[in-house]
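Novice: could you work out the structure for the sequence below:
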Amino acid sequence: MSDDLFSHNPAKSRYELEVDGLIAFADYQRSGHRLVIPHVEADPALRGTGAAGRLMVKVAEVARAEGMRITPLCSYAAAWLRRNDPELIA
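Specialist: Residues are numbered from 1 along each chain as shown. Prediction:
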């Protein structure tokens, strides 16, 4: 298993997870105490590896640490939150 590198990229308004040089990312907008996630995408080579799920774990940790809730506009983010962290959904 490779090491995942999670980072916040404020210049692009997204959170990123780098896996073996490939990126999965979640775009976001902040709205008060809500983190709006319009889009989550993984490099095609990462699909099926769980990278997007590991990215969402980190995004949920950030939201919780900052006292925020998540409004998922992206169907993947919405499904992940319903399954894994429904109390974070705003």
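
Novice: quick check: residue 39 touching residue 27?
Specialist: Yes. Residue 39 lies in contact with residue 27 (Cβ atoms under 8 Å); the separation is 4.4 Å. All C-beta spots, glycine's among them, are computed from the backbone N, C-alpha and C.

Novice: hey, where'd the strands end up in the protein?
Specialist: 4-9, 14-19, 22-31, 34-42, 69-72 (DSSP state E).

Novice: the longest helix in the protein is where?
Specialist: What stands out as the longest helix in the chain, according to DSSP state H, is helix 51-65.

Novice: can you count the residues close to the residue lying closest to residue 51 once chain neighbours are set aside?
Specialist: In this structure, residue 51 finds its nearest non-sequential neighbour in residue 24, 4.4 Å apart by Cβ to Cβ, 6 or more residues apart in numbering. Counted by other Cβ atoms under 10 Å, the residues lying close to residue 24 total 25.

Novice: can you name the residues that contact residue 24?
Specialist: Applying Cβ atoms under 8 Å, 6 or more residues apart in numbering, we find residue 24 in contact with 16, 17, 40, 41, 42, 43, 46, 51, 52, 54, 55.

Novice: most neighbours among those residues, please name it.
Specialist: residue 55 (27 neighbours).

Novice: which residues does the closest residue to that residue other than its chain neighbours form beta bridges with?
Specialist: Spatial nearest neighbour of residue 55, chain neighbours left out: residue 17 (4.0 Å); criterion: Cβ to Cβ, 6+ apart. Note on residue 17: beta-bridge partners residue 6, residue 24, judged by DSSP bridges.

Novice: just checking, residue 42 touches residue 50?
Specialist: No. Using Cβ under 8 Å, residue 42 is not in contact with residue 50, being 9.6 Å away.

Novice: and the residue nearest the centre of the chain, what does it touch?
Specialist: The centroid of the chain falls nearest to residue 56 when counting by Cα atoms, centre = their mean (3.7 Å). Under the criterion of Cβ under 8 Å, 6+ apart, the contact list for residue 56 reads 26, 40, 77, 80, 81, 84.
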